[in-house]
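S.K.: The following block contains a protein sequence and its predicted model.
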Amino acid sequence: MLILTYEIAREDLDDRDAVELLGTLLPIFTHALDRAARFEMETRVTYISNELAAVQQKLERLDRNKSNFISVAAHELKTPLTLIEGYSAMISDMVKGETDGHVDSLLKGIHNGVERLRTIVDDMIDVSLIDNNLLSLNFQPVWLSQIFRQLGYVLNDSVTSRSQTLNIHDFPGSSEMLFADPERLYQALRNILVNAIKYTPDGGAITVDGRTLPGFLEITIEDTGIGISPDDQAVIFEKFEQLGDASLHSSGKTKFKGGGPGLGLPITRGIIEAHGGTIWVESEGSDEKRCPGSTFHVLLPIRTQPPDPKLARLLGLEVKQKEES
Ligand code: ADP
């Protein structure tokens, strides 16, 4: 329209009138162009946000389906697993003392396979509980030093077989009583330690330490392993996330880079968050040759009273507010 007006003005008006007309019309055209551009931009933004909302909905639906699938698959796998376990126990009883060691070693193979599968199925159930906010905690008096002592004992064979050292320090607050779910906390900390063993080469070191912060206990689990790149440090807490090529993983539970389904850290995060805490990892980066190591930090609230007032009364611990009033 601007060009058309310009041409008509040039043809039909003398120079002065044409300049005057164009000078008057130009701000109007500029304003109109500005409005048109803004309108087009708004239309595009609305279109893109609608598209994004649709994609978001689709992703949420997929995530829900994935979560439902995990839950259904885990429960469906439990029944045949129990059957295999039961029948292999019956065979074991039937052939007891009648065979050479060959059948025994075959039965042991079945037993190990079943155990492994059971751990995966249990992890799948835990993940779906966490996904659906159904993880319930059984708060009891807990001493972290005791949990770590037990973990040190249970993991001793794996650490020794890998010629690693596991240093568990008594840190401020580790011997204080706090209320938490001991089994779930054990499971969460075990997952971090098992990973530290898995992703640290033979001869490396794993160190457990910590400190008290106002209202919180900070636990650190440091290893001299392959490290985790900054880009992956948040991703590893998502379910089924494994770094590197899963087909190259070795299959042992605590072997170097022994593969797993990628459920350990999401479960650990779910458990720590259900306690009102938080977890994160620090590492310079991933390098299998230089081994910069990783440090997992767990922040746990220091709960000196159980959340359930009935349990507090049972243990002779009156709820603070009541005492004060
Ligand atoms: P997985 O069953 O694969 O061990 P996890 O959820 O426990 O699953 O861990 C997810 C991924 O995080 C692992 O596959 C590994 O790549 C990475 N990872 C976890 N802990 C460490 C660690 N201490 N050092 C290096 N990488 C680690």
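M.R.: Received it, and whenever you're ready, just let me know what you need.

S.K.: Residue 64 - how many residues pack around it?
M.R.: Per other CB atoms under 10 Å, the neighbour tally for residue 64 reads 12. The way it works is simple: take the backbone N, C-alpha and C, and place the C-beta from them, glycine included.

S.K.: Give the rounded mean pLDDT of the host helix or strand of it.
M.R.: Take DSSP states H and E as the rule and residue 64 turns out to sit in helix 15-94. Helix 15-94 carries an average pLDDT of 89.

S.K.: I'd like the next helix or strand past it.
M.R.: Moving toward the C-terminus from helix 15-94, the next helix or strand (DSSP H and E) is helix 101-131.

S.K.: now could you export just the CA positions of the following helix or strand past that next one as CSV?
M.R.: As assigned by DSSP H and E, the chain's next helix or strand after helix 101-131 is strand 140-143. The C-alpha trace of strand 140-143 is given here as CSV (Å, rounded to 0.1, in the frame of the first residue of the first chain):
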residue,chain,number,x,y,z
GLN,A,140,11.3,-45.1,63.9
PRO,A,141,14.3,-44.1,65.9
VAL,A,142,17.3,-44.3,63.6
TRP,A,143,21.1,-43.9,64.2
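
S.K.: So which elements touch the helix or strand following strand 140-143?
M.R.: Next along the chain after strand 140-143, taking DSSP H and E as the criterion, comes helix 144-154. With contacts taken as 3 or more CB pairs under 8 Å, 6 or more residues apart in numbering; DSSP states H and E, helix 144-154 sits against strand 165-168, helix 182-198.

S.K.: Between the ones you listed, which one is closest to residue 139.
M.R.: Of all the helices and strands packed on helix 144-154, it is helix 182-198 that lies closest to residue 139, at 9.3 Å by CB to CB.

S.K.: Looking at the helices and strands packed on helix 144-154, spot the one closest to residue 44.
M.R.: Using CB to CB, the helices and strands packed on helix 144-154 put helix 182-198 closest to residue 44, at 45.7 Å.

S.K.: and the angle for that closest one with helix 101-131?
M.R.: Put simply, helix 182-198 runs at 110 degrees to helix 101-131, going by axes from the mean of the first three to the mean of the last three CA atoms, to 10 degrees.

S.K.: distance between helix 182-198 and the chain's centre?
M.R.: Centroid displacement of helix 182-198 relative to its chain, using CA atoms, centre = their mean, to the nearest Å, is 13 Å.

S.K.: and that helix, is it in reach of the ligand?
M.R.: Yes. Contact of helix 182-198 with the ligand (CB under 6 Å from any ligand atom) involves 191, 195-196.

S.K.: and this protein, which of its residues are near the ligand?
M.R.: Looking at the ligand, the residues of the chain close enough under CB under 6 Å from any ligand atom are 191, 195-196, 199, 223, 225-226, 228, 236, 241-243, 260-265, 294.

S.K.: Just the ones of those residues in strands?
M.R.: Using DSSP state E, the subset of the residues of the chain next to the ligand located in strands is 223, 294.

S.K.: which helices and strands sit right next to the helix holding residue 64?
M.R.: On a contact count with 3+ CB pairs under 8 Å, 6+ apart, helix 15-94 meets helix 2-12, helix 101-131.

S.K.: For these, which has the smallest mean pLDDT value?
M.R.: Across the helices and strands packed on helix 15-94, helix 2-12 gives the lowest mean pLDDT, at a mean of 83.

S.K.: So for it, what gets flagged as buried?
M.R.: Using 16 or more other CB atoms under 10 Å as the burial criterion, the residues of helix 2-12 that qualify are residue 9.

S.K.: got the CA coordinates for stretch 208-220 in PDB?
M.R.: Written as PDB, here are the backbone C-alpha positions of stretch 208-220 (Å, rounded to 0.1, in the frame of the first residue of the first chain):
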ATOM      1  CA  VAL A 208      31.300 -41.700  53.800                       C
ATOM      2  CA  ASP A 209      31.300 -38.500  55.800                       C
ATOM      3  CA  GLY A 210      29.000 -35.800  56.800                       C
ATOM      4  CA  ARG A 211      28.200 -32.800  59.000                       C
ATOM      5  CA  THR A 212      25.300 -31.100  60.700                       C
ATOM      6  CA  LEU A 213      23.700 -28.000  59.300                       C
ATOM      7  CA  PRO A 214      20.900 -26.000  61.000                       C
ATOM      8  CA  GLY A 215      18.000 -28.500  61.100                       C
ATOM      9  CA  PHE A 216      19.600 -30.900  58.700                       C
ATOM     10  CA  LEU A 217      22.200 -33.600  58.400                       C
ATOM     11  CA  GLU A 218      24.300 -33.700  55.300                       C
ATOM     12  CA  ILE A 219      25.800 -37.100  54.300                       C
ATOM     13  CA  THR A 220      28.400 -37.200  51.600                       C
END
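
S.K.: for it, the distance to its chain's centre please.
M.R.: On CA atoms, centre = their mean, the centre of stretch 208-220 falls 20 Å from that of its chain.

S.K.: Contacts for that stretch next, please.
M.R.: 144, 148, 166-169, 171-174, 178, 189, 193, 207, 221-222, 277, 295-302 (CB atoms under 8 Å, 6 or more residues apart in numbering).

S.K.: swap in stretch 102-115?
M.R.: Contacts for stretch 102-115 (CB under 8 Å, 6+ apart): 81, 84-85, 88, 91-92, 95.
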